[in-house]
Structures are given as C-alpha cells and as structure tokens.
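with the sequence up front, the predicted model follows.
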Amino acid sequence: MASLRPKIIVNKKFIGTLIAPQGERVSAMLGTSKWGPINTVTSITDLTSFINTFGDEKVGGNLTGIKGADLFFRNGGILKFVRLADSDADYGKLTIDDIGSSDLLAFQAKYKGTLGNNISIEVTANGANRNLYIRYANTTESYTNGGVGYSSADDIITAITAGSSLVTVSLSGIGTNIPGVITLTNLIGGDDGDDGLIASDYTTAFTTLLYNESFNYLLTPGVTTDATYLSLSTLLENRASEDNYYSTLIGGIALNESISTANARTATGHRLRVVAPSVIYTNRNSGLKTNIDGSYLACAYAGTLCSLDIEVSGTHETVNVEGVIINTSTEQNYYTKNEQEQLLESGISPIGKIGSALQMIRDVTAYNDKTSPLYEGVIVDIVDYVTEELEEYLNAKIGKPNSSLNRNIYGDDLDAKLSVMKSQGILEAFEKSTVSEGVSSDTIIVTVSIKPVYSTNFIELNITVQ
C-alpha cells in the first residue's frame, strides 16, 4: 500500500510549485456561553469582541464557545458564532421594593446566563428622589436624571429602557412609589443552559440558523460523537447539492480516544475533516491547565486554515496551541510516524511536532477513496471556491436573453475569471469554457474544465554518491 504520510523519499525527483496569495476564509461555530444572544448568528473578528459579546470563561470551565473561540483566534480568521442553550437557560433577576416595602421594580439581565448574576443594582437618595446605578465589572451605568434624581418608578423604567446594555426593567407587584434605598445587590438565578444540549440542538441550529449563511468551515467545540458528525456532514453535503452553499465540518476525536476507536469511526465524506489528538488548554479565569478533546483542536486548526490563502494547504502549517495530548494517563503527547500513518489511512488528520512546532501532518478529509483528489482538504476548498465564483457569475445571467452573442460573452467572461485564478496560483490550468444552447431554448449548457494547484506532499530527492 502506498504511504499516506508526507515525508522525504530518497532517490526520487523533486516536484513542487510556488503558490500566489488569495483571499480569506470564514468559520461558523455552534457553542455555549454565559452571555449574549441565543440562536442568533453573530460575526466576530477577534477574541476581545467575543468576550465583550458572549462573556469570558468561568471557573469550572464547561463553556464550549469561549474555549473554541480562544483557540480559533490564536490562529486567525473570522467567526460566525451561534450561542446554543438548553431549556434550563435563565436570566439573572432582582426585584426591589418601593419605600412602602412592596414589590416595585423587576430587573432582569439583558441575556440569559451566569454573567447576569454578576450585575448589581444600587439605589441612592437624592433628596426625595432617587439615583440608580447598574454595575458590572468595570462598567457602571448611572441614572441620575441630570443630577436631580427620579421622582417616579415610570421615569426610572423609561431611562433604563433607553440606556442600559445590561438589564431590562418593568413594574412588579403593587408598588407605585419610588424605590427604597438599597446597597449594591446582585441579580440571581442566571443559568447558561450549557449542560443539557443534545445532538438535535446542533442539527436544528444548522438548518434554522446557518443553512443560508456563507462560511467555509463548521465547528462544534465540545462535540466529538461520530453520529453527530455524520448527521452534520450529511446536512452540509445536502446543502451543497441543493442550494449551492459549500462548507466542511471540522471536528475532532474524544479525550483519550484510542487510535483503534478513531479508526472505527463511520462518518465519512469530503465535507468532514476530523483532527487528532486532544489539546492542552489553560482556563482563562482560574489559570488551571486542562486537557480538552479534539473538537477544540479543530477550532485552532480552522483558525490556521482561515489565515491561509485559499490555495495553501494546511499540511505542515503551524497550529498555535499550548500543546497536544494523546493519553492523559500516560502523558503521551505525540503520535509516532506509524500511528500518524494509521490515522491518515482512516481519513483522520493528525497534528504533531515537526521540528520545534506543532503542525498539521497532512490536511485530509474523511473521504473513503484515498487516491481521490477529494481526500485532499485543500483540493476540496479550491473546487468549492471556483464553483462558488462561477455560480455567482452565472446566477446573474438567469433571466437574460439566451442569444448566441450572450453565450459567447459568458464563455469569455468565465475564461477571464479562470485566468485570474490561474495567475493567483489557485489553478494550474483550465480548458476554454464552452457555453451552448440546451435542448430547450430556455437552457444553456456551460462546460468548464479546471486543474487545481496540488500541494507538495512528497519530495523526491536524488542523491548521487561518487
């Protein structure tokens, strides 16, 4: 059987090509957080923006979004994040009394999640009126009515509704007076809703929220199950064939998953990439170093891919993580070359040490046929890119006259686009496009033939000893 692992082969010729830069890629992520909108697609460009929108890690560290985003942005890219939550998710809440000790104002965190429990309310006297302060971390929202204070609960509600990014407020109970004075008091009851997610939560989020979104890679930090990968990659393939959106799921193996178990995975296809092993990660709040599963390593690897030009393979590219771990009981960090070969044979992409850096050994898909171009991750990306570009052009021609003049123009325009891709190093070659009238006069038949630029996986070195 031919070797799958990239390596130096002695007594053979060198084959290679230089590749020009092109474009950037985008990832979508489904994960949990302690703040921010639920079931909403939010574009994030860096970790600071993620934390400002969805909150940081918490002690205990069971949130998947922040860990996935942290590892992703260490390597680059743009992220479309969807926060998921189960039915237990709840808002932090606080009800304060009026001066007669009856319920008056019901405060609720703007979003469900435990971050809301760190928001506090303070009411101070301003003569007969009231000032109100809402505090979170280093942020203070002050409501003083220009320094004169508020004389009614309704005025307080109007001011907070118009100005607060932390809470909402409404009248509660029978209270009608101004609130009584209270010292800083935290909201309580916020719940992230991160403990009860099931596979259907991910597939439903994809079909209802991400189906019509454009992105290159789908990430599900915290999810490593073979069945879920099969369901999601099948949905991605259906979306590609039915609605012309092209994406790949990048997942990872479970913590301490053996090579034999990894090799027995049944989820296959060129719209699935599975990376191995697990990754070492330091909790952003506690500083505790932990080992987390390969789905988080997949986030780091996707960031690497998003930082590369479209025609550059992830093979032998550095993945910026603290470290990888194969077996926590033996503290074995790296696969041997033989183990890497076994994983590649099963369509799993191992990350290991090459020189002094952690790098992807070879960027492959889970496609069954190891001799097919679809086994090579970068070829899938290039073909998807070219297809999207040509479809976008042709879609604008629907409804236009089906004349020989227009068909000739279309063919020339397509060749011009392909020529640019060739100059960018995305394509090695292409044949002249043909555009002809179909059997039906309202149909045109477009034929395009391309040869993507293949990556250099093997170098043949000839040595003559005299």
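Happy to help now that I have it.

C-alpha only now, for contacts and for neighbours.
Noted.

residues touching residue 230, list them.
The contact partners of residue 230, by C-alpha atoms under 8 Å, 6 or more residues apart in numbering, come to 266-268.

can I get those in JSON lines with distance to residue 118 and pLDDT?
Formatted as JSON lines, those follow (distance: C-alpha to C-alpha, whole Å; pLDDT from 0 to 100):
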{"residue": "266", "distance to residue 118": "44", "pLDDT": "95"}
{"residue": "267", "distance to residue 118": "42", "pLDDT": "96"}
{"residue": "268", "distance to residue 118": "44", "pLDDT": "96"}
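
what is the nearest of those residues to residue 98?
residue 267 (60.2 Å; C-alpha to C-alpha).

that closest one touches residue 224, doesn't it?
No - at 11.3 Å, residue 267 does not count as touching residue 224 under the criterion of C-alpha atoms under 8 Å.

what comes up buried for stretch 319-335?
319-321, 323-327, 333-335 (16 or more other C-alpha atoms under 10 Å).

going by distance to residue 193, which of those wins?
residue 321 (27.8 Å).

I'd assumed the closest one was in a strand, is it?
No - counting by DSSP: H, G, I helix; E, B strand; the rest coil, residue 321 is not part of a strand but coil.

mind listing what it touches?
By C-alpha under 8 Å, 6+ apart, the contact set of residue 321 is 71, 74, 279-281, 297, 300, 358.

redo that, cut-off 7 Å
Going by C-alpha atoms under 7 Å, 6 or more residues apart in numbering, residue 321 touches residue 71.

then the one 3 residues further on?
Residues in contact with residue 324, defined by C-alpha under 7 Å, 6+ apart, are 277-280, 333.

at 6 Å instead, please
278-280, 333 (C-alpha atoms under 6 Å, 6 or more residues apart in numbering).

can you tell me the SS state at the nearest residue to residue 41 once chain neighbours are set aside?
Sequence neighbours aside, residue 82 is the residue nearest to residue 41 in space, at 5.0 Å (criterion: C-alpha to C-alpha, 6 or more residues apart in numbering). Three-state call for residue 82 (three-state DSSP): strand.

same question for residue 38.
Here residue 38 is coil, with the state taken from three-state DSSP.

can you count the residues close to the residue lying closest to it once chain neighbours are set aside?
The shortest distance from residue 38 to any non-neighbouring residue, by C-alpha to C-alpha, 6+ apart, is to residue 83 (4.9 Å). A count of nearby residues for residue 83, using other C-alpha atoms under 10 Å, gives 23.

next: residue 226.
If we define neighbours as other C-alpha under 10 Å, then residue 226 has 19 of them.

so who does it touch?
residue 267.

over to it: give its phi and psi.
Torsion angles at residue 226 (phi, psi; degrees, to the nearest 10) stand at phi -60, psi -40.

with residue 434 instead?
phi -120, psi 140.

what's across from it in the sheet?
Residue 434 forms beta bridges with residue 447, as assigned by DSSP bridges.

so what pLDDT did it get?
Residue 434 carries a pLDDT value of 95.

surely it meets residue 444?
No - applying C-alpha atoms under 6 Å as the test, residue 434 and residue 444 come out as separate, 10.0 Å apart.

so who does residue 435 touch?
407, 411, 445-446.

so residue 84 touches residue 32, yeah?
Yes - between residue 84 and residue 32 there is a contact under C-alpha under 6 Å: 5.3 Å.

the more surrounded of those two?
residue 32 (31 against 23).

you'd agree the more buried one is up against residue 67?
No - look at residue 32 against residue 67 with C-alpha under 6 Å: they stay out of range, at 9.8 Å.

list only buried entries from the contacts of residue 230.
267-268.

now the helices for the stretch 251-400 of the chain?
Applying DSSP state H, counting those that start in this stretch to the stretch 251-400 of the chain gives helices spanning 259-263, 294-307, 337-345, 377-395.

low-scoring stretches of the stretch 1-150 of the chain, by residue?
Low-confidence segments of the stretch 1-150 of the chain (pLDDT under 70): 1-2, 7-24.

which parts of it are helices?
47-54, 64-73.

can I get those in JSON lines including mean neighbour count?
Output for those, formatted as JSON lines (neighbours: other C-alpha atoms under 10 Å):
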{"stretch": "helix 47-54", "mean neighbour count": "17"}
{"stretch": "helix 64-73", "mean neighbour count": "26"}
